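> Mind looking at a prediction? Sequence and model below.
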Amino acid sequence: MRSTQWRRSPATDGRHRVRLFGAHCTRGERMRCPAVHIRVTLLGLILATAVLPTRAGQADVDVSVPDLQGSSFDDLMSHASRYATTAEKRRMKHLARAELKRRGERFLRYLVSHAGIKNVWFSIYAREMVDWLPSEKAVPVLLDLLNAAHPEVRKMAAYLLGFYHAPQYWERLLPLLEDEDVAGAAIRTLGKWQAARAASRIADFLQDDNERRRILAVNALGDIGSPESIPSLFRMLDDPACTVRRAAVRALVRIGPAAERPAIRELARSRGRKQREVIRVLAYLHSRRAVPRLRRLLSSADCTTAADAARALAVIQPSRFTARGKELQARCGGCPCITLAGAGFPPLEQRD
């Protein structure tokens, strides 16, 4: 076999040459020898081939399912709520979740009872359990927790009740309207239950200093759908917060045809931002009765009002809007308010 000549290393001399797997090289150049590299690689492949079956056998042993039925809720939640960064952690997370779900309403009680710690995983799993548990198992648990000492527990229980149709318990929520921490959740659930007899109590929150609470009250009145709430909702179209105004638009549209004639009357006597919100209501109601009044608003001195009237007409009578749109464009020129007129209003957004 032809020998390979190697360059002498500055740090060594010929007396320090060593033999590795039959190849000669100096001590400082061992890992630079091609023959050594190839043979070490081959040896590694041989060892890997021999070791892999053993590893596979160990893996078969590791996948045995642990008995979690005797584990506490805390132990199971420590697995179910951890960030599973390894295969073993992911396996335990999956098994713990399955065991917790098997415990049904007991797990729901555990989750809601710990709402005060504000761990996002408790909220996530509570919401999942509400989707999975039937009403006859979950509702008694949640009703019982309305009397809990911690306000966050009462709040979560009142909120989750809104995902079940249990209007026969509406009176259980009325005392919570006096609870500063829980009133918002109670308002939402009463709306979901369409508790018409609670509408007057809910309407009191339309004047609340808290914007979020005003939105919840508006949404609840829209869900209840009582025509008696229409005047109150029209007043909310002039709320300082745009979020409240748009919630009132959605609520009036949800009430439906009963709001059409009051909206036409309101269009004539309102001005500014309130009038523009009334225009939106009429557009989403597809009110043909409002078309003559909307056409007159095309000549409004306020270009934003004129543009909103044009957008409403584009929704109500799209086939007849083209000529009116060109007329408005010619009058207002390059006003940026006109750029959206031809597209009408965007679809009315939905909420949960």
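Everything's here; your move. Residues are numbered from 1 along each chain as shown.

> Could you list the domains of the protein?
If you go by automatic domain parsing, the domain ranges for the chain are 1-50, 103-193.

> least reliable of the ones you listed going by mean pLDDT?
Lowest mean pLDDT within the domains of the chain: domain 1-50, at a mean of 50.

> and residue 268, what does it touch?
residue 293 (CB atoms under 8 Å, 6 or more residues apart in numbering). C-beta here means a position set from N, CA and C on the backbone, and glycine is covered the same way.

> Name the next helix or strand downstream of the helix or strand containing residue 107, please.
Element membership for residue 107, per DSSP states H and E: helix 105-113. Using DSSP H and E, the next helix or strand after helix 105-113 towards the C-terminus is helix 120-132.

> could you check the angle helix 105-113 makes with that following helix?
Inter-element angle recorded for helix 120-132 and helix 105-113: 140 degrees (by axes from the mean of the first three to the mean of the last three CA atoms, to 10 degrees).

> Can you spell out which helices and strands pack onto the helix or strand following helix 120-132?
Downstream of helix 120-132, the first helix or strand assigned by DSSP H and E is helix 135-145. Helices and strands touching helix 135-145, by 3 or more CB pairs under 8 Å, 6 or more residues apart in numbering; DSSP states H and E, are helix 105-113, helix 151-161.

> angle of helix 135-145 against helix 105-113?
Going by the same axes, to 10 degrees, helix 135-145 makes 30 degrees with helix 105-113.

> Compute the distance between residue 111 and residue 120, please.
Separation of residue 111 from residue 120 (CB to CB, to the nearest Å): 12 Å.

> And residue 140, by the same measure?
Taken as CB to CB, the span from residue 140 to residue 120 is 26 Å.

> Please apply the same query to residue 181.
19 Å.

> Name the residue in those two with the higher neighbour count.
More neighbours surround residue 181 than the other of residue 181 and residue 120, with 12 against 8 (other CB atoms under 10 Å).

> can I assume that one is in contact with residue 154?
Yes. If you go by CB atoms under 8 Å, residue 181 and residue 154 touch, sitting 7.2 Å apart.

> What about residue 67, how many residues nearby?
Residue 67: 9 neighbours (other CB under 10 Å).

> Surely it is in a helix?
No. Counting by DSSP: H, G, I helix; E, B strand; the rest coil, residue 67 is located in no helix; its state is coil.

> Now do the phi/psi pair for residue 163.
Phi and psi for residue 163, reported as degrees, to the nearest 10, are phi -90, psi 0.

> so how far is residue 138 from it?
9 Å.

> So the two - more neighbours on which side?
Using other CB under 10 Å as the criterion, residue 163 and residue 138 rank with residue 138 on top: 24 against 16.

> close enough to count as contact, the more buried one and residue 105?
Yes. Look at residue 138 against residue 105 with CB under 8 Å: they come within range, at 6.1 Å.

> Strands of this protein, start to end?
Taking DSSP state E as the criterion, the chain contains strands spanning 17-20, 23-26.

> which stretches of the stretch 151-300 of the chain form helices?
151-161, 170-173, 183-192, 199-203, 211-224, 230-235, 242-255, 260-269, 272-284, 291-297 (DSSP state H, counting those that start in this stretch).

> now these as CSV including distance to residue 98?
Shown next, in CSV, are the helices of the stretch 151-300 of the chain (distance: least, CB to CB, whole Å):
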stretch, distance to residue 98
helix 151-161, 22
helix 170-173, 33
helix 183-192, 30
helix 199-203, 41
helix 211-224, 36
helix 230-235, 46
helix 242-255, 40
helix 260-269, 52
helix 272-284, 45
helix 291-297, 58
